[in-house]
Each structure stands twice: as structure tokens, then as C-alpha cells.
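> sharing a model that was predicted from the sequence below.
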Amino acid sequence: MISFIVPAYNEENLIGRALSGIHLAASELTCPYEIIVVDDGSTDRTATLAAECGARVVNVHHRQIARVRNAGAGVAVGDILVFVDADTVITASTLRATLDALGRGAVGGGASLRLDGSIPWHGWLLLWLVQAGMRLGRFAAGCYVFCTREAFDAVGGFDERLFATEEIALSRALARQGRVVILRETVESSGRKLRTFSGWEILQLLSAVAFQGSGALRRRDGLELWYGQRRIDPEPEGLRRGFHEPNQPQVD
């Protein structure tokens, strides 16, 4: 069985699309699955909508993504864990490639990343750098991470000392258990952070992490890109480009 684990905080505008994508992908592959939405103290209708979409809702109050994901894994019953962010849409081809990779002996990995809507130039540069780093280091992007239950338990799950980059730490830990792959198939995630944070703000954040080292990642302060008050996306949802299935299933 596949356990899809969806961490969520005030995602009423996007979570329905994410859960529909999971249902469609898993149904097309006719594989048994469950969806667990871990609602991290939302003040909107996230939990209600998740339940209406057929998900099991787990309520926590952590405001730390590593702990939230681990909470979902703690109640999951599947032998395959797939972590999908609440603003991310997956497809059947990506899920099929995931299962194929695991079937060929991989212990975990991630997918290539697309962002919805229009993205400023600094966003495209950052996306290119992230994609290059993912492939060179075989690091999964946090919006889509998959692994076997056995490997996840062996490494102790996501590192709860970290408030960011916990998916990179998990990727490194999984690589000590076996092969980690980054699929060519894509998932589409929201580009809202790159539309609402300037290039200068993102540069300041990255510079702080570079100068302060891992200590900057072990506290919420200074990580407003992940934990700050969510800014209003200037691009109406209806103007964002639609999602299209990738054509050529491949695995690195």
C-alpha cells in the first residue's frame, strides 16, 4: 500500500487540487493507497476540505515541517511513503515512475519540479540552481519525496532538529541505505513564494544560512520564507498555467 502524507497549514485554496491529483494518479494505477493530511494548526477550512476529499486528517500544532511529516508517517500503514505538499499536484506518470524506481531497488527519491504561473527572473535562476543541485546531489525537493517504509524507519525519518532543508538531510540519510533517484517526471508546485518574495529577500536569507551554517536552520527565526506570514499571491489562480502530463517516463 502507498501512504500519501500531505503536511498542510492554511491551504484551503490549494489542497483540494492536490488531493484530487493524488486520487486520480493512484486510481489510474489501480494501487491501494491512503491519504493522510497532517493539519498543523490551520485557522481556515483546510482540515474540513481534506476530510471532504476522503483524507484521514491528523491534527498537530508543531509549526515545523519535519515534525509534521514525521507525524503523518507515524500513523501511516503503507510500505511505501510518498510525501506531497498541499500546494503540489502529482500525475499518474510520476507515480508510475516512482513505483518503477522502487521496484528496481531504489530506496527513495524525488521528482523534477515545475512551478505554476508566471515567475520572475530571479525565480527561474533559483529554480535552475535547485534542479541542478537535485540532480548532482540526488536531493529530493520537499514538495515530493518518496521512500520505502523500511528505509524511512532505518534512518529515523526527517531530522526534527531542522526547520528547513530537512528533505536534503533525509536524502543523504537514505543514500546510506541504498540508491536514491531523481525522476525526470515532474510534479507541479506553487510558485507563490517566488512571486511574493523579492530576489533581494531570498538572497539575504541564503546569505544568512551560508554565514551562520546549520545553526540558522535549527530555529524558526530568520526562516520567513517558510514560516513567515503568507503573502497574497499577486497572480490570480485562474491565470496560472494548467498542468500537463510529461511525455517520456524516465529515471536517472
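Perfect, thanks for sending it.

> so, low pLDDT: which residues of the stretch 151-252 of the chain?
236-252 (pLDDT under 70).

> now do the strands in it.
For the stretch 151-252 of the chain, the strands defined by DSSP state E, counting those that start in this stretch occupy 180-189.

> ok, which stretches of it are helices?
Assignment of helices within the stretch 151-252 of the chain using DSSP state H, counting those that start in this stretch yields the ranges 166-175, 192-196, 199-212, 224-227.

> just name the most buried of those.
helix 166-175 (a mean of 21; mean count of other Cβ atoms under 10 Å). (C-beta placed from N, C-alpha, C; glycine too.)

> relative to strand 180-189, how tilted is that helix?
150 degrees (axes from the mean of the first three to the mean of the last three Cα atoms, to 10 degrees).

> tell me who's in contact with the nearest residue to L127 once chain neighbours are set aside.
What sits nearest to L127 in space, not counting adjacent residues and going by Cβ to Cβ, 6 or more residues apart in numbering, is L115, at 6.4 Å. Going by Cβ atoms under 8 Å, 6 or more residues apart in numbering, L115 touches 123, 127, 188-191, 194.

> of the residues you listed, which is the nearest to H61?
For these, the residue nearest H61 by Cβ to Cβ is S190; the value is 23.4 Å.

> elements contacting whichever helix or strand I22 is part of?
Under DSSP states H and E, the secondary-structure element containing I22 is helix 15-28. Helices and strands touching helix 15-28, by 3 or more Cβ pairs under 8 Å, 6 or more residues apart in numbering; DSSP states H and E, are strand 2-8, strand 33-40, helix 46-52, strand 88-89, helix 92-103.

> show me how far the shortest one is from its chain's centre.
Looking back up the chat, that one is strand 88-89. Distance, stretch centre to chain centre, for strand 88-89: 8 Å (Cα atoms, centre = their mean, to the nearest Å).

> which ones are touching the residue lying closest to V209 once chain neighbours are set aside?
Counting by Cβ to Cβ, 6+ apart, V209 lies nearest to A216, which is 4.7 Å off, once chain neighbours are set aside. Taking Cβ under 8 Å, 6+ apart, we find A216 in contact with 208-209, 222-223.

> make a markdown table from these and add distance to Q64 to it.
Shown next, in a markdown table, are the contacts of A216 (distance: Cβ to Cβ, whole Å):
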| residue | distance to Q64 |
| --- | --- |
| A208 | 19 |
| V209 | 17 |
| G222 | 14 |
| L223 | 10 |
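
> pick the one among those residues closest to C31.
Nearest to C31 among those, with distances taken as Cβ to Cβ, is L223, at 35.7 Å.

> wait, doesn't that closest one sit right on L205?
Yes. Using Cβ atoms under 8 Å, L223 is in contact with L205, at 7.4 Å.
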